[in-house]
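A.B. asks: Could you look at this predicted model? Sequence included:
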Amino acid sequence: MKFMTPDRWALTAAALLLLVLPFAVSGYVLYVVNLLMVFVVLALGMHVVIGEAGQFALSHTAFYGIGIFTAGLINTHWHPPFIVSILAGGLLSGVLGYVIGLLALRMRDIYLALATFAFGEAMQWVFLNWEGVTGGSNGMRMEPAELFGYKLTNDLQAYPFVVVLTAGMLWLTIALSRSQYGSSLRALRESDVAAMAMGINVKAMKQSAFAVSAAFAGIAGGMYTLFTSFIHPESLGFQTTIVVLTMVVVGGIGSVRGAVAGAIAFGLLSELLRQALSIQELIFGVILMGFMMFKPKGLFADRKQRVGRKAAQGAHS
């Protein structure tokens with residue numbers, strides 16, 4: 001008789017919780033859950049480029065913002081089914097991510113991090129100053145997302161769609177990780193030279209990792225427009241990148257379950273500290289530095305290694 005694995009138990013419990021949640025909680029709690037789902041997709045996107053491909057990129061929030069503004073503008077001016085606007089935001093972000101991936105062909109490590117950081121800062125400047133499109137420092141009000149004429153005007157109405165989209169992106173991440181493509185990304189992460197010797201097109205894989213990661217961020221931005229009607233560029237700064245990076249690093253670089261757990265834990269912490277931004281920056285900075293120094297593989301990566309060691313010991317006993 002086969003028993004369910006801990007991961008399957010966790011997925012089953014999470015599915016049951018998400019199923020009953022709308023009947024048991026208030027609108028604000030649903031807003032927080034919707035926001036956590038967006039963070040999960042953001043963390044999964046960063047997991048692809050950093051955890052799977054080993055490319056240290058700090059431009060994630062820029063693509064998230066591109067997804068928000070693209071989907072928001074399409075919803076406001078043309079009112080298509082929201083899946084169209086979300087896919088448009090993901091596609092535009094993915095194309096720009098592929099272009100930014102050219103940096104990875106010429107830079108690595110700290111130089112790549114600095115270059116992608118500069119791109120993220122440049123995009124926030126664009127968000128803040130392109131007043132005709134983004135509203136500039138006044139922010140942008142967006143029309144509710146629609147599905148065949150049905151408008152999503154509150155968190156409860158958006159909730160099932162956000163959950164389904166998040167589940168789809170999680171499934172896609174796991175499928176990519178278990179595929180030949182995921183194996184090629186991990187070979188690239190370990191060594192460019194070894195990956196090239198194995199016949200892997202290193203240049204194409206690096207650019208595709210940036211494109212997929214950026215598309216995830218763009219889709220997360222589109223999901224955000226399902227339950228909010230306003231966006232301010234100040235929320236799309238480097239601080240958001242640090243929050244998402246903390247989720248991935250603390251959860252465990254290279255671990256899908258770590259990215260999900262980190263997104264939920266630090267998404268909640270970020271919401272709790274929303275009224276104290278200066279303290280939030282300090283806390284996340286200390287946590288990130290502490291894990292980078294003393295536990296760089298994160299929580300769930302170590303768990304995976306412990307499980308592997310126990311299985312090996314059991315096989316030898």
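C.D. replies: Happy to help now that I have it. Numbers count the residues shown, from 1 in each chain.
A.B. asks: Can you name the residues that contact the nearest residue to Ser137 once chain neighbours are set aside?
C.D. replies: What sits nearest to Ser137 in space, not counting adjacent residues and going by C-beta to C-beta, 6 or more residues apart in numbering, is Leu128, at 5.9 Å. C-beta coordinates here come from the backbone N, C-alpha and C atoms, glycine included. Residues in contact with Leu128 (C-beta atoms under 8 Å, 6 or more residues apart in numbering) are 134, 136-137, 233-234.
A.B. asks: Do a quick rundown of the strands in the chain.
C.D. replies: In the chain, strands defined by DSSP state E lie at 140-141, 146-147, 150-151, 230-231, listed in chain order.
A.B. asks: For those, could you give me a markdown table that also reports distance to Val163 and mean neighbour count?
C.D. replies: Output for the strands of the chain, formatted as a markdown table (distance: least, C-beta to C-beta, whole Å; neighbours: other C-beta atoms under 10 Å):
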| stretch | distance to Val163 | mean neighbour count |
| --- | --- | --- |
| strand 140-141 | 25 | 16 |
| strand 146-147 | 15 | 16 |
| strand 150-151 | 17 | 13 |
| strand 230-231 | 21 | 16 |
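A.B. asks: can you list the ones you listed in TSV and add mean pLDDT and distance to Leu299?
C.D. replies: Shown next, in TSV, are the strands of the chain (pLDDT from 0 to 100; distance: least, C-beta to C-beta, whole Å):
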stretch	mean pLDDT	distance to Leu299
strand 140-141	94	37
strand 146-147	92	38
strand 150-151	92	41
strand 230-231	94	32
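A.B. asks: As a markdown table, those strands with distance to Leu282 would be great.
C.D. replies: As requested, these are arranged in a markdown table below (distance: least, C-beta to C-beta, whole Å):
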| stretch | distance to Leu282 |
| --- | --- |
| strand 140-141 | 30 |
| strand 146-147 | 41 |
| strand 150-151 | 40 |
| strand 230-231 | 25 |
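A.B. asks: among these, which is nearest Ala195?
C.D. replies: Closest to Ala195 of those is strand 230-231 (C-beta to C-beta; 38.9 Å).
A.B. asks: what lines up beside the closest one in the sheet?
C.D. replies: Sheet partners assigned to strand 230-231 using DSSP bridges are listed as strand 140-141 (antiparallel).
A.B. asks: So which residues make contact with the partner strand?
C.D. replies: With C-beta under 8 Å, 6+ apart as the criterion, strand 140-141 contacts 69, 72, 134-135, 229-231.
A.B. asks: can you rerun that using 6 Å?
C.D. replies: 134, 230-231 (C-beta atoms under 6 Å, 6 or more residues apart in numbering).
A.B. asks: Then stretch 228-247?
C.D. replies: Outside stretch 228-247, the residues touching it (C-beta under 6 Å, 6+ apart) are 42-43, 46, 58, 60-61, 65, 68, 124, 127-128, 139-142, 262-263, 266, 270, 284, 287-288.
A.B. asks: Kindly report the same for stretch 19-26.
C.D. replies: 156, 159.
A.B. asks: what about it, how long is it end to end?
C.D. replies: One end of stretch 19-26 to the other measures 15 Å (C-alpha to C-alpha, to the nearest Å).
A.B. asks: Just the buried positions in that stretch, please.
C.D. replies: By neighbour count on 16 or more other C-beta atoms under 10 Å, the buried set for stretch 19-26 is empty.
A.B. asks: Mind pulling the model confidence for Gln305?
C.D. replies: As predicted, Gln305 sits at a pLDDT of 45.
A.B. asks: which residues sit in contact with the spatially most central residue of the chain?
C.D. replies: By C-alpha atoms, centre = their mean, the chain has its centre lying nearest to Leu42, at 1.2 Å. Applying C-beta under 6 Å, 6+ apart to Leu42 gives the contacts 217, 220, 244.
A.B. asks: With Val133 as the reference, measure out to it.
C.D. replies: The gap separating Leu42 from Val133 is 22 Å, by C-beta to C-beta, to the nearest Å.
A.B. asks: returning to what we had before: of all the strands of the chain, which lies closest to Asp7?
C.D. replies: Taking C-beta to C-beta, strand 146-147 is the member of the strands of the chain nearest to Asp7, at 32.0 Å.
A.B. asks: Before we move on, what's the pLDDT of the nearest residue to Ser93 once chain neighbours are set aside?
C.D. replies: Sequence neighbours aside, Gly218 is the residue nearest to Ser93 in space, at 2.8 Å (criterion: C-beta to C-beta, 6+ apart). Gly218 carries a pLDDT value of 97.
A.B. asks: tally of neighbours for Ala14?
C.D. replies: Ala14: 14 surrounding residues under other C-beta atoms under 10 Å.
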